[in-house]
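A.B. asks: build me a structure from this.
(chains A and B)
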Amino acid sequence: DTGVSQNPRHKITKRGQNVTFRCDPISEHNRLYWYRQTLGQGPEFLTYFQNEAQLEKSRLLSDRFSAERPKGSFSTLEIQRTEQGDSAMYLCASSFGNNEQFFGPGTRLTVL
Amino acid sequence: EDQVTQSPEALRLQEGESSSLNCSYTVSGLRGLFWYRQDPGKGPEFLFTLYSAGEEKEKERLKATLTKKESFLHITAPKPEDSATYLCAIMPGNTGKLIFGQGTTLQVKP
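C.D. replies: Have a look, this model is predicted:
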C-alpha cells in the first residue's frame, strides 16, 4: 500500500498522560500536514512541514502539542498532559507542493 | 477572515434523485478549492481540485463547479454507495493549509 499510513489507529489514555502518534507520508511527497477532526466538524489545521522544516502552526495549537519531522520523511505528533478536550480524530495528510493533499486513515484519541 | 460554509448540513435522496451540494467561501486570494469524500471512521478521500472561476471537473456521477464565491457538487442519479460526508476546503494564496467546511452528510436510499 503506497498511501499515507498512521499509527496507532486508536489510542485510549487517561487525562494527564502523554501520547505520541506517527505518520508515514506517500514517499515522493515533500509536504506533511496534521489536522484534528471532532464529530460533525470538518478537519481543523494544526501544522505542516515542507521536508523537515515546520512552516506553519495554528494559533489553536497549544504548547502541549509538538510535532517533528526529523529527516523529512515520517512525522510524529506528541500531546503532553492530555485533557478530555483533546479527544478527537488526528489526521495526517501529504502532498507534493501545493497540490492535492492525500489523507491517512487517522488516529482516534480518547482521553478518559 | 478565510472561511467555508457548506449547505445543507444533511441531505437525504432517493436512489436516482439528482441534487447539488453548496460550498460558499470567503478568502483573500484563492489558490485552490478542494472536494473530499469521507466515510465514517475513515480519512477524507480526494475528489477534485478547482483553481479558477468557471472551471468544472467530473468523475462518474459527480461534477464540481466553481464561481468567485461558491462551488457546487452536483450528484447525478446517485446510488446508495454515494452515501458519505462531502467536505469542501479552500487553500488561501498565502499558505499551504486547507480550511474545511463542516461537511454535508448525504444519505441515498435504495
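A.B. asks: how far away is the residue of chain B found nearest chain A from residue B:94?
C.D. replies: Residue nearest to chain A within chain B: residue B:100 (3.1 Å; Cβ to the nearest Cβ). C-beta coordinates here come from the backbone N, C-alpha and C atoms, glycine included. Per Cβ to Cβ, to the nearest Å, residue B:100 is found 18 Å from residue B:94.
A.B. asks: which one of those two has more residues nearby?
C.D. replies: residue B:100 (24 against 11; other Cβ atoms under 10 Å in any protein chain shown).
A.B. asks: tell me, how many neighbours does the closest residue in space to that one that isn't next to it in sequence end up with?
C.D. replies: Spatial nearest neighbour of residue B:100, excluding adjacent residues (Cβ to Cβ, 6 or more residues apart in numbering or on different chains): residue A:42 at 3.1 Å. Using other Cβ under 10 Å as the criterion, residue A:42 is surrounded by 22 other residues.
A.B. asks: try residue A:88
C.D. replies: Other residues close to residue A:88 by other Cβ under 10 Å number 20.
A.B. asks: who's in contact with it?
C.D. replies: Contact analysis of residue A:88 by Cβ atoms under 8 Å, 6 or more residues apart in numbering or on different chains lists A:36-38, A:108-109.
A.B. asks: pick the one among those residues closest to residue A:85.
C.D. replies: When the contacts of residue A:88 are compared for distance to residue A:85 (Cβ to Cβ), residue A:38 wins out at 9.3 Å.
A.B. asks: who does the residue nearest to that closest one when sequence neighbours are not counted bridge with?
C.D. replies: Nearest residue to residue A:38, sequence neighbours excluded (Cβ to Cβ, 6+ apart): residue A:88, at 4.9 Å. Taking DSSP bridges as the rule, residue A:88 bridges to residue A:109.
A.B. asks: hang on, the earlier thing: just the buried residues out of the contacts of residue A:88, in ChimeraX syntax.
C.D. replies: Per 16 or more other Cβ atoms under 10 Å in any protein chain shown, the buried members of these correspond to this ChimeraX selection:
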select /A:36,37,108,109
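A.B. asks: out of the contacts of residue A:88, flag the one nearest to residue B:59.
C.D. replies: residue A:37 (23.6 Å).
A.B. asks: picking up where we left off before, ok, the residue nearest to residue A:38 to residue B:14 distance?
C.D. replies: 34 Å.
A.B. asks: how about residue A:22?
C.D. replies: 43 Å.
A.B. asks: higher neighbour count, these two?
C.D. replies: residue A:22 (14 against 9).
A.B. asks: distance of the nearest residue to that one once chain neighbours are set aside relative to residue B:77?
C.D. replies: Distances taken as Cβ to Cβ, 6+ apart place residue A:7 nearest to residue A:22, at 4.9 Å, with adjacent residues excluded. Residue A:7 is 39 Å from residue B:77, where distance means Cβ to Cβ.
A.B. asks: ok, the helix or strand containing residue B:13 near chain A or not?
C.D. replies: Element membership of residue B:13 [criterion: DSSP states H and E] is strand B:10-14. No. Among the residues of strand B:10-14, none lie within reach of chain A under Cβ under 8 Å from any Cβ of the partner chain; the closest is 10.2 Å away.
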